[in-house]
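S.K.: quick one, structure for this:
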Amino acid sequence: MPKPKVFVTRVIRDKGLDLIKEFCQAEIWPGELPPDRATLLEKVRGVEGILCLLTERIDGEVLDAAGPNLKVVSNHAVGFDNIVIPEATARRIPVGNTPGILTDATADFAFALLLAAARRVTEAERYLRAGKWVTWGPSILLGMDLAGKTLGLVGFGRIGQAVAKRAIGFDMRVVYYDPSAAPAWNATPVERLDDLLHQADFVSIHTPLTEQTRHMVNADFLAKMKPTAVLVNTARGGVLDQAALYEALQAKRIFAAALDVTDPEPLPLDSPLLTLENCLITPHIASASTYSRDMMAYLAAQNLIAGLKGERLPHCVNPEVYER
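M.R.: Numbering: from 1, shown residues only. Predicted structure coming up:
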């Protein structure tokens, strides 16, 4: 019996890739950069499964290009804003993602960014490398303390809750805004986002990117933050209006920002944000621990293979396809 034909849009970790190669007739895109749109449309023709990354937009055009044999789309990510879910659902194609296993890695990194921005770690290293360190001084590179301060979490899902646990260890008070979240022992809910922004010394973003959250962090949002506050974003770049952030940071209306996600990705080298000392930016690596990336590959492979077998995906973002 021939193996099912699939297209994998990038080389993923062996823990998942080995499973796929064993079960499938897999074409794996070898490039470091993702396939361009025309190539993607060509490569998916006739496949039964697609395993994609967040860099590929999977919409009706791609699904139609794949054709009637397509049984499953597996996303090598927790977020799935790169996939037009209603288009997949309308074609009764289940879509998988990889939740849970990158929670701790992302929470660790969010807190690392918070610390680095508060204590000006990367700015201090640049200061040293530029030969500016000539003596110890009582007012050189002063940063913000964490103990006794308030951390505001916008979004209180798995990652937001994990960040809250870390903050408690630093003697921080934690508040969160998420109308859909259940009460938590270690954090206090607020009824309005404005309440969080007025209280928080640190604001960390943990919301998915939707039409409702796109550019949620805008000029009005930033104006309501404390001038001594630090903003951290490890969610999605589109949640943040980068032009508004630049203005706020340049005018020192907030103390600092630390971003692991940008819009677009990669961030162009001529971005004004890169000219600011009080803006720390990393290349979307919050989940980049060996364990997390191995398990993302493994879960993505499990979703792909389950869909090819006609079984329910272990992690399905549109389970309504099974109810129709």
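S.K.: and the helices in this protein, which stretches?
M.R.: Using DSSP state H, the helices found in the chain span residues 14-23, 37-43, 60-66, 85-90, 103-118, 121-129, 158-169, 193-199, 219-223, 242-250, 290-309.
S.K.: those: which one's closest to Phe7?
M.R.: In terms of CB to CB, the element of the helices of the chain nearest to Phe7 is helix 37-43, at 4.9 Å. For the C-beta atoms, the positions are set from N, CA and C on the backbone; glycine is no exception.
S.K.: mind giving me the packing neighbours of the closest one?
M.R.: Under the contact definition 3 or more CB pairs under 8 Å, 6 or more residues apart in numbering; DSSP states H and E, helix 37-43 sits against helix 60-66.
S.K.: for the helix it packs on, packing partners?
M.R.: In terms of contact count using 3+ CB pairs under 8 Å, 6+ apart, helix 60-66 is assigned the packing partners helix 37-43, helix 85-90.
S.K.: can you lay out those helices as CSV showing mean neighbour count, distance to Leu274 and mean pLDDT?
M.R.: Formatted as CSV, the helices and strands packed on helix 60-66 follow (neighbours: other CB atoms under 10 Å; distance: least, CB to CB, whole Å; pLDDT from 0 to 100):
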stretch, mean neighbour count, distance to Leu274, mean pLDDT
helix 37-43, 14, 28, 98
helix 85-90, 16, 34, 98
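S.K.: looking at those helices, which is nearest to Pro2?
M.R.: Nearest of these to Pro2, taken as CB to CB: helix 37-43 at 18.4 Å.
S.K.: okay if I get the helices and strands packed on helix 60-66 as TSV plus distance to Asn278?
M.R.: Listed next are these as TSV, based on distance: least, CB to CB, whole Å:
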stretch	distance to Asn278
helix 37-43	37
helix 85-90	37
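S.K.: among these, which comes closest to Pro266?
M.R.: When those are compared by CB to CB, helix 37-43 sits nearest Pro266, at 17.8 Å.
S.K.: residue contacts, the most centrally placed residue in the chain?
M.R.: The residue lying closest to the centre of the chain (CA atoms, centre = their mean) is Ala235, at 3.9 Å. When contacts are counted by CB atoms under 8 Å, 6 or more residues apart in numbering, Ala235 touches Gly155, Ile205, His206, Thr207, Pro208, Leu209, Val261.
S.K.: and Asp241, by the same measure?
M.R.: Neighbour list for Asp241: His215, Val217, Asn218, Ala219 [criterion: CB under 8 Å, 6+ apart].
S.K.: picking up where we left off before, let me have the helices of the chain in a markdown table, extended by distance to Val6.
M.R.: Formatted as a markdown table, these follow (distance: least, CB to CB, whole Å):
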| stretch | distance to Val6 |
| --- | --- |
| helix 14-23 | 7 |
| helix 37-43 | 10 |
| helix 60-66 | 10 |
| helix 85-90 | 16 |
| helix 103-118 | 27 |
| helix 121-129 | 41 |
| helix 158-169 | 29 |
| helix 193-199 | 42 |
| helix 219-223 | 42 |
| helix 242-250 | 36 |
| helix 290-309 | 7 |
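S.K.: for Met144, find the nearest of these.
M.R.: Among these, helix 103-118 comes nearest to Met144, with 4.3 Å by CB to CB.
S.K.: now the angle from the closest one to helix 158-169?
M.R.: Counting by axes from the mean of the first three to the mean of the last three CA atoms, to 10 degrees, helix 103-118 points 50 degrees away from the direction of helix 158-169.
S.K.: touching helix 103-118 from outside, list them.
M.R.: By CB under 8 Å, 6+ apart, helix 103-118 touches 121-122, 143-146, 151, 158-159, 162-163, 165-167, 202, 204, 206, 230, 232, 234, 255-260, 278, 280, 282, 285-289, 291-292.
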